[in-house]
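Student: Pasting the sequence and the predicted coordinates here, then a few questions.
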Amino acid sequence: MKIKKNLSKLFILLSCILFIVIVPMFFEGYSLMVINLSLIYAIITLGISVMLGMGGQLSFAGLAFMGFGAYFVANFCSGRLGFTIPTLLALVLAPLFCGIVAFLLGLILLKLKGTYFTFATIALVQVCFSFFTNYRPLFGGPDGISEIPSLSVGSFTFSSYNQWFYLSVGILAAVAIVVERIRRTSFGRSLASVRDNDMAALTLGVNVYMSKVKAFALSGVLGALAGAMYAMQGNFVASDLFAYNNATQFIIMAMVGGVNNTFGCIVGSVLITILPEIFRSLERFLQLFYGLAVIVLMVFMPMGMAGVGSQFAKKIKKILGINKLKRSANSTHSEGVSK
Amino acid sequence: MSDILRLEHVNKHFGGLHVSNDLTFSIKTGQVTGLIGPNGAGKTTLMNIISGIYIQDSGQVIFDGKDISQIPPYTRARMGIGRTFQAPRFLQRSNIRDNLLIGSDLSEQKSFTKSFFTRQNMTFEEELNRYMKVAGFDIDLENDITSLTYGQQKLLEIVRSLLSHPRMILVDEPAAGLNNAEIENAMALINIAAKENGIGVLLIEHSMDMIMNICKEIVVINFGKVIATGTPEEISSNEEVITAYLGKDADD
């Protein structure tokens, strides 16, 4: 098992390095921007991974939080309010502010359980979308807010797509490491217990409700971070991005990659963002494709690509004979039961 | 020995059904108290009341001198009430190690930041090895929890709750579905809990062998009422208990 873990770590590391080296060599302009976007979306998807993969709670609210983050930056950095704050400060404050908002919203929404909670998050996305579209003083209405400054640290300004690529990779990597680490903390385990067996969780001292609220707040922080980055990279925010349709995309990204797998979520985000750009002419059928994809995923690969990947790795190892698992003396039917 | 838990006039109804009827008894530390009674007598309901899954309609649950009647289950667990379930409840998608760590998380109550920046504690492995030896396990902790047999899962649930350093544990039918060797191991684990760790144990079990073997005191309930309490000898010769288990003639 040790070998397997190290192998997959090596695989992930190598593919990341390959990605960082190859992408700026072959892509530029619009296509590079799309790739940058996919990395920003991956941050939101990781928020969904925390909620859905670790905590078992299906939340669409990531998009609404992205909106909060984006409009936070739009208002405080573009001078619309009569004053501006440094972009770097905004990049820190937006997630913080949104984390608090998400925490407070979570206190209310997570009184609901299961599907009802999911419905409530859909409603949240819709309500926020209406506000973003119709309330001009803060959100600029359907025209959106333009002339948002790009991120600058000291005298250095991230202006080209190339610079944003490296910045996005860096922030995403940091987020991924944090999320991966959280999985191994007592908080991560308490979320897992909420997901798998909330009765056991309660008797093991886990405050089921507060664990969910904290996870929701974390997804708010990640959503706002992505939103702030989005606003600064594109220098523009408009409300049509925050329509409900787009919220489903993040769920699909997580499911394609594997909800409970950090690396899988990132790969899923990149794929789902880039594929529609490649198949531009088929755009009208996109929703149909997504719908079918979800059904196929649920039936054939509930753990997403990460699940398929690890099964594939197991098979290869069986063929090569590396994987001589240490079996317990009396557990004889481990093959039949394991997923 | 002192009382760790005391129930006073606990009542619980499910609709018209009186599942707990004026239950009053106590559990002492450092010994195993058996809770027996026919199916449907309200044993598991009582466990759920003690661990806080259900709140009683009236009466009090007193743990270590404090009234915990209105305290939520997770706080009771943190105060030191551990339990196992009739059908083992684990995190199906986690490996064995994580499933056990969740028990020791409870005993440590490490803050999030501390748990984020530090590795797991070393005493976990030591402690675990001690229990695993008693439980007769030789398993790879990285395996999926689903790779264990039903019996192993039931034993592991007792281990998990012991890792949380409880001050008393509620053990719900540990022997059901276990083979003889595993029953021996379960009894050994329960004995360690009571004798070496000196905590209170409330044991629900249908296997009279096990009950008579390890319980110092037995509480018998039927139709939600305590019908007898006493030592195993007293209970096995108690008329009312025999009637509850064997039934009585129609003309009585």
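Tutor: Okay, I see it. Numbers count the residues shown, from 1 in each chain, chains lettered A, B, ... in the order given.
Student: What's the separation between residue A:145 and chain B?
Tutor: According to C-beta to the nearest C-beta, to the nearest Å, residue A:145 and chain B sit 36 Å apart. Where you see a C-beta, it was placed from the backbone N, CA and C, and this is true even at glycine.
Student: need the contact list for that residue.
Tutor: Residues near residue A:145 by C-beta atoms under 8 Å, 6 or more residues apart in numbering or on different chains: A:71, A:74-75, A:78, A:80, A:139, A:236-238.
Student: before we move on, what about residue A:276?
Tutor: Residue A:276 makes contact with A:283, A:286, according to C-beta under 8 Å, 6+ apart.
Student: on that earlier part again, lowest-confidence entry in the contacts of residue A:145?
Tutor: On pLDDT alone, residue A:80 ranks lowest of those, at 83.
Student: Skip the chain neighbours and tell me the closest residue to that one.
Tutor: Leaving aside its chain neighbours, residue A:80 sits nearest to residue A:145 (6.8 Å; criterion: C-beta to C-beta, 6 or more residues apart in numbering or on different chains).
Student: so of the contacts of residue A:145, which ones are in helices?
Tutor: Of the contacts of residue A:145, the ones assigned to helices by DSSP state H are A:71, A:74-75, A:139.
Student: Which of the residues you listed sits closest to residue A:218?
Tutor: Closest approach between the ones in helices among the contacts of residue A:145 and residue A:218, by C-beta to C-beta: residue A:71, at 20.2 Å.
Student: Check the gap between the closest residue to that closest one other than its chain neighbours and residue A:73 for me.
Tutor: Excluding the flanking residues, the one nearest residue A:71 by C-beta to C-beta, 6+ apart is residue A:139, at 5.7 Å. According to C-beta to C-beta, to the nearest Å, residue A:139 and residue A:73 sit 12 Å apart.
Student: neighbour count winner among those two?
Tutor: residue A:73 (28 against 24; other C-beta atoms under 10 Å in any protein chain shown).
Student: thought that one was touching residue A:235?
Tutor: No - under the criterion of C-beta atoms under 8 Å, residue A:73 makes no contact with residue A:235, lying 10.2 Å away.
Student: Now do the shared contacts for those two.
Tutor: Counting by C-beta under 8 Å, 6+ apart, the residues touching both residue A:73 and residue A:235 are residue A:148.
Student: all helices of chain B, in order?
Tutor: Assigned by DSSP H, chain B shows helices spanning B:43-51, B:73-79, B:96-108, B:112-117, B:123-135, B:150-163, B:180-191, B:208-214, B:232-236, B:239-246.
Student: what's the lowest-mean-pLDDT helix or strand in chain B packed up against?
Tutor: In chain B, no helix or strand scores lower on mean pLDDT, DSSP states H and E than helix B:112-117, which sits at a mean of 74. Using 3 or more C-beta pairs under 8 Å, 6 or more residues apart in numbering or on different chains; DSSP states H and E, the elements in contact with helix B:112-117 are helix A:186-196.
Student: Kindly recompute the last result at 10 Å.
Tutor: Helix B:112-117 sits against helix A:161-183, helix A:186-196, helix B:96-108, with contacts defined as 3 or more C-beta pairs under 10 Å, 6 or more residues apart in numbering or on different chains; DSSP states H and E.
Student: Pull the second one out as CSV, backbone CA atoms only.
Tutor: Right, helix A:186-196. The C-alpha trace of helix A:186-196 is given here as CSV (Å, rounded to 0.1, in the frame of the first residue of the first chain):
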residue,chain,number,x,y,z
SER,A,186,-9.7,15.5,12.9
PHE,A,187,-12.0,18.0,11.2
GLY,A,188,-11.6,16.0,7.9
ARG,A,189,-12.4,12.8,9.7
SER,A,190,-15.4,14.3,11.5
LEU,A,191,-16.7,15.4,8.1
ALA,A,192,-16.2,11.9,6.8
SER,A,193,-18.2,10.6,9.7
VAL,A,194,-21.0,13.0,9.0
ARG,A,195,-21.1,11.8,5.4
ASP,A,196,-21.0,8.1,6.1
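Student: report the angle between the axes of it and helix B:96-108?
Tutor: Orientation note: helix A:186-196 sits at an angle of 120 degrees relative to helix B:96-108 (axes from the mean of the first three to the mean of the last three C-alpha atoms, to 10 degrees).
Student: and what of the longest one?
Tutor: Using the same axes, to 10 degrees, the inter-axis angle of helix A:161-183 relative to helix B:96-108 is 70 degrees.
Student: Who are the packing partners of helix A:161-183?
Tutor: Helices and strands touching helix A:161-183, by 3+ C-beta pairs under 10 Å, 6+ apart, are helix A:2-26, helix A:29-48, helix A:186-196, helix A:208-234, helix A:262-278, helix B:112-117.
Student: To residue B:197, which of the ones you listed lies closest?
Tutor: For residue B:197, the closest of the helices and strands packed on helix A:161-183 is helix A:186-196, at 22.3 Å, according to C-beta to C-beta.
Student: so what pLDDT did residue A:322 get?
Tutor: For residue A:322, pLDDT reads 57.
Student: ok, back up a step: dump the helices and strands packed on helix A:161-183 to JSON lines, plus distance to residue B:61.
Tutor: Formatted as JSON lines, the helices and strands packed on helix A:161-183 follow (distance: least, C-beta to C-beta, whole Å):
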{"stretch": "helix A:2-26", "distance to residue B:61": "45"}
{"stretch": "helix A:29-48", "distance to residue B:61": "40"}
{"stretch": "helix A:186-196", "distance to residue B:61": "24"}
{"stretch": "helix A:208-234", "distance to residue B:61": "21"}
{"stretch": "helix A:262-278", "distance to residue B:61": "43"}
{"stretch": "helix B:112-117", "distance to residue B:61": "30"}
